[in-house]
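>>> sequence plus the predicted model coming up.
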Amino acid sequence: MTPDQKFVAFQTIFRKEVIRFSRIWIQTILPSVITTSLYFIIFGGLIGRQIHAMEGVRYMDFIVPGLIMMAVITNSYSNVVSSFYGAKFQRNIEEILVSPTPSWIILSGFIAGGVARGLVVGLVVTVVSLLFSHLHVYNPWVSISVALLTAVLFSLGGFINSIFARNFDDISIVPTFVLTPLTYLGGVFYSIRLLPEFWRRISLVNPILYMVNAFRYGFLGISDINLYLSYGIIIGFIVVLTAISLYLLERGYGMRT
Amino acid sequence: MTPALSIRNLTKTYKSGYTALKGIDLDVNPGDFFALLGPNGAGKSTTIGIVTSLVTKTGGKVFVFGQDIDTDFGRAKSCIGLVPQEINLNIFEPLIQILVNQAGYYGISRRRAGERAEYFLNKLGLWGRRNDAVRTLSGGMKRRMMIARALVHDPKLLILDEPTAGVDIEIRRSMWEFLHEINAAGTTIILTTHYLEEAESLCRHIAIIDSGTLVENTTMKSLLAKLRTETFILDLRTPLAQLPPLFGHEIRMLDDHTLEVEISRDGGINKLFADLSARNIEVLSLRNKTNRLEQLFMGLVEGNRQRIGVSQRKQA
């Protein structure tokens, strides 16, 4: 394939993904908006009033970046896992596998789709958060780059999950038992400085903590974690997961016999 | 002349230890209409899977129009269109979108893909349903849609794995006509089917696989020439009390209105009719007991099984 043809193939997969999640927006975009709105109302509006300022900012303003990040993580992950597994399940993934589209283009197309949904939902949640908080952006480049990299990272995670998944239960196990607990314990609702030393150290093993804090830094200019360390960890994970994804795709794991 | 498909010593052993292919050699000429036949589990779909990269081979070489699928997989894949055995369409997607996307995976621009999609949807009688989701189509429509999808990138080699399974006779015949048409236009076609009548009427060359080995690879004409006898069923106008002596004919009475007769290719059928007329036996109609290719197919497969001792092992 020429570079132009590869670009057409990439565009095709990307467009297909965007059309897919846009067509079923009630299932893909709306739920995160409703859930985060409830968080804003309950944790920010009702309970949040009783909580003192966190790291020098209003509690509502403190949790907004974490909640946006939570929406980005969940949506980028679930977009790829459900779309790719769905294609595997119906076997229409063979449409791409029999074509000359190289593995890295297939991966890029699905990841771009996951990133698009993650960022679209993140943007909608950000707009909704303006109804509840006085959002201030300290460094927009940090916010945008961290959101983008995190969406890439979790799209890759979703891709690997979908390759290993053998049934629909397998695509919900990781989000339920791994992603959700890690997100909740990743400093979305609190600063890890509030934790006892032991739990603070344990929290440092959680990769989501680095993303939430780097993203929060972009909005509020405060973070529990060094910004460069956060970037290093996110990029490191992206490199490793990309290598694993390409290896599995080349081998045709779970798709070729 | 570079073959459209060239297979050398192709082997496949699955993780379970089951050997599906035991060293197959096969050449398909450009422009040919080629039948790949064999009983269930013979290795046909495995062969097709390897050629289309959906199955990983254990050993051997495959070339598509001279392109090695191991080293020139991009160019080799561009030449192939596949209609798989099982329906593998996204049931939620509209037909037009499936075709335009499929062309896109081959690097065809959206505008060109749209034109090609329109052409094939019209050709296969699906244009009126272009915006409908696949799940709303009948079985026959889905089969036609899979043919349109396989052709949308203009492949030089079309592989059809039982394309007419579960399709009514009217649609099957219209699909045959369409396949004839694209073959006449230069597309090489490889067909696997369980309808031997389909293979006999469409294909010029034939290969028969059984138990992972090639038991026959020749032209349809020369294969049918191997048929020494044909069995016919005769329906009689008036009932027969008993079978009269008809010397020189292998004849059985199935009931008082029906005779089964075996005719050798050398003998011809005229003498039989002359003998029947001489005894005032009037024949209303005549038909083949089995399809000619079916007779040969069964003989070849059975012969192969006896040779490799499959039957004995099964009985044991």
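Structure's in. What do you need? Residues are numbered from 1 along each chain as shown, chains lettered A, B, ... in the order given.
>>> how about the nearest residue to whichever residue of the stretch 151-300 of chain B sits closest to chain A, chain neighbours excluded?
Nearest to chain A, among the residues of the stretch 151-300 of chain B, is residue B:153, at 7.8 Å (CB to the nearest CB). Any C-beta I mention is one placed from the backbone N, CA and C, and that applies to glycine too. Closest residue to residue B:153 in three dimensions, ignoring its sequence neighbours and counting by CB to CB, 6 or more residues apart in numbering or on different chains: residue B:106, at 3.9 Å.
>>> check the residue of the stretch 151-300 of chain B closest to chain A and give its pLDDT.
For residue B:153, the model assigns a pLDDT of 94.
>>> name the element it belongs to?
In the assignment (DSSP states H and E), residue B:153 maps to no helix and no strand.
>>> returning to that earlier point: and the residue nearest to residue B:153, how many neighbours does it have?
23 (other CB atoms under 10 Å in any protein chain shown).
>>> check the gap between it and residue A:5 for me.
Separation of residue B:106 from residue A:5 (CB to CB, to the nearest Å): 7 Å.
>>> and residue A:208, by the same measure?
Taken as CB to CB, the span from residue A:208 to residue A:5 is 38 Å.
>>> okay, these two: which has more neighbours?
Applying other CB under 10 Å to residue A:208 and residue A:5 shows that residue A:208 carries more neighbours, namely 24 against 20.
>>> can you pull the contacts of the more buried one?
By CB atoms under 8 Å, 6 or more residues apart in numbering or on different chains, the contact set of residue A:208 is A:73, A:182-183, A:185-187.
>>> which one of these is nearest chain B?
Nearest to chain B among the contacts of residue A:208 is residue A:73, at 25.9 Å by CB to the nearest CB.
>>> hang on, isn't that closest one packed against residue A:154?
Yes: counting by CB atoms under 8 Å, residue A:154 is a contact partner of residue A:73 at 5.0 Å.
>>> any residues in contact with both of these two?
A:118, A:179.
>>> how distant is stretch A:131-148 from the center of its chain?
Relative to its chain's centre, stretch A:131-148 lies at 16 Å (CA atoms, centre = their mean, to the nearest Å).
>>> hey, C-alpha coordinates of that stretch in PDB?
Only the C-alpha atoms of stretch A:131-148 are listed here, as PDB (Å, rounded to 0.1, in the frame of the first residue of the first chain):
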ATOM      1  CA  LEU A 131     -22.600  24.900  35.700                       C
ATOM      2  CA  PHE A 132     -21.200  23.900  39.100                       C
ATOM      3  CA  SER A 133     -17.700  25.400  39.400                       C
ATOM      4  CA  HIS A 134     -15.600  28.300  38.400                       C
ATOM      5  CA  LEU A 135     -13.300  26.400  36.200                       C
ATOM      6  CA  HIS A 136      -9.900  28.000  35.900                       C
ATOM      7  CA  VAL A 137      -7.300  26.700  33.400                       C
ATOM      8  CA  TYR A 138      -3.800  27.200  34.700                       C
ATOM      9  CA  ASN A 139      -2.000  25.700  31.800                       C
ATOM     10  CA  PRO A 140      -4.200  24.500  28.900                       C
ATOM     11  CA  TRP A 141      -1.300  22.700  27.100                       C
ATOM     12  CA  VAL A 142      -0.700  20.500  30.100                       C
ATOM     13  CA  SER A 143      -4.500  19.800  30.400                       C
ATOM     14  CA  ILE A 144      -4.900  19.000  26.700                       C
ATOM     15  CA  SER A 145      -1.700  16.900  26.400                       C
ATOM     16  CA  VAL A 146      -2.400  14.900  29.500                       C
ATOM     17  CA  ALA A 147      -6.000  14.200  28.400                       C
ATOM     18  CA  LEU A 148      -4.800  13.200  25.000                       C
END
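>>> what's the neighbour count on the closest residue to chain A within chain B?
Closest contact between chain B and chain A, by CB to the nearest CB, is at residue B:107 (2.4 Å). Other residues within reach of residue B:107, judged by other CB under 10 Å, total 25.
>>> list the residues that contact it.
A:1-2, A:4-6, A:8-9, A:100.
>>> so which bits of the stretch 151-300 of chain B are right by chain A?
Within the stretch 151-300 of chain B, the positions adjacent to chain A are residue B:153 by CB under 8 Å from any CB of the partner chain.
>>> you'd agree residue A:212 is up against residue A:186?
Yes: the pair residue A:212 and residue A:186 passes the contact test of CB under 8 Å, sitting 5.0 Å apart.
>>> those two: who's more crowded?
Per other CB under 10 Å, whichever of residue A:212 and residue A:186 has more neighbours is residue A:212, with 29 against 23.
>>> for the record, mean pLDDT for the helix or strand where that one lies?
Assessed by DSSP H and E, residue A:212 sits inside helix A:207-220. On average, the pLDDT along helix A:207-220 is 90.
>>> same check on stretch A:85-94?
The average pLDDT within stretch A:85-94 is 91.
>>> could you pull out the buried residues of that stretch?
Across stretch A:85-94, burial judged by 16 or more other CB atoms under 10 Å in any protein chain shown covers A:85-94.
>>> who's in contact with it?
The contact list for stretch A:85-94 (CB under 8 Å, 6+ apart) reads A:84, A:96, A:161-163, A:165, A:168, A:171, A:254-255, B:54, B:82, B:84, B:86, B:88-91.
>>> list every C-alpha atom in it, with coordinates, as PDB.
What follows is stretch A:85-94 as a C-alpha-only set of coordinates in PDB (Å, rounded to 0.1, in the frame of the first residue of the first chain):
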ATOM      1  CA  TYR A  85     -14.600  -7.200  20.600                       C
ATOM      2  CA  GLY A  86     -17.900  -6.700  18.800                       C
ATOM      3  CA  ALA A  87     -16.100  -7.000  15.500                       C
ATOM      4  CA  LYS A  88     -14.300 -10.100  16.700                       C
ATOM      5  CA  PHE A  89     -17.600 -11.600  18.000                       C
ATOM      6  CA  GLN A  90     -19.500 -11.000  14.700                       C
ATOM      7  CA  ARG A  91     -16.300 -11.900  12.900                       C
ATOM      8  CA  ASN A  92     -16.500  -8.800  10.700                       C
ATOM      9  CA  ILE A  93     -13.000  -8.000  11.900                       C
ATOM     10  CA  GLU A  94     -12.100 -10.400   9.100                       C
END
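>>> quick revisit: show the buried residues in the contacts of stretch A:85-94.
Buried members of these, counted by 16+ other CB under 10 Å: A:84, A:96, A:161-163, A:165, A:171, A:255, B:54, B:82, B:84, B:88-90.
>>> contact residues of the stretch 51-200 of chain A facing chain B?
For the stretch 51-200 of chain A, the residues in contact with chain B (CB under 8 Å from any CB) are A:86-87, A:90-92, A:94-102.
>>> same thing but 10 Å
Contacts of the stretch 51-200 of chain A with chain B, taken as CB under 10 Å from any CB of the partner chain, map to A:86-87, A:90-102, A:105-106, A:109.
>>> for residue 206, what are its contacts?
Just so you know, I chose chain A. Going by CB atoms under 10 Å, 6 or more residues apart in numbering or on different chains, residue A:206 touches A:181-183, A:185-187, A:192, A:212.
>>> wait, chain B was what I had in mind.
The contact partners of residue B:206, by CB under 10 Å, 6+ apart, come to B:33-37, B:191, B:196, B:199-200, B:216-224, B:293, B:296-297.
>>> let's see 8 Å
Contacts of residue B:206 (CB under 8 Å, 6+ apart): B:34-37, B:199, B:216-220, B:223.
>>> swap in residue B:256?
Neighbours of residue B:256 in contact, by CB under 8 Å, 6+ apart: B:236, B:239-241.
>>> can you show me the strands along chain A?
Assigned by DSSP state E, the strands in chain A number zero.
>>> about what we covered before: and the residue of the stretch 151-300 of chain B closest to chain A, how many neighbours?
If you count neighbours by other CB under 10 Å, residue B:153 ends up with 23.
>>> which single residue in chain A comes nearest to chain B?
Nearest to chain B, among the residues of chain A, is residue A:5, at 2.4 Å (CB to the nearest CB).
>>> quick one, helices of the stretch 101-250 of chain B?
With DSSP state H, counting those that start in this stretch, the ranges of helices along the stretch 101-250 of chain B come out as B:110-123, B:139-151, B:169-184, B:196-202, B:220-225.
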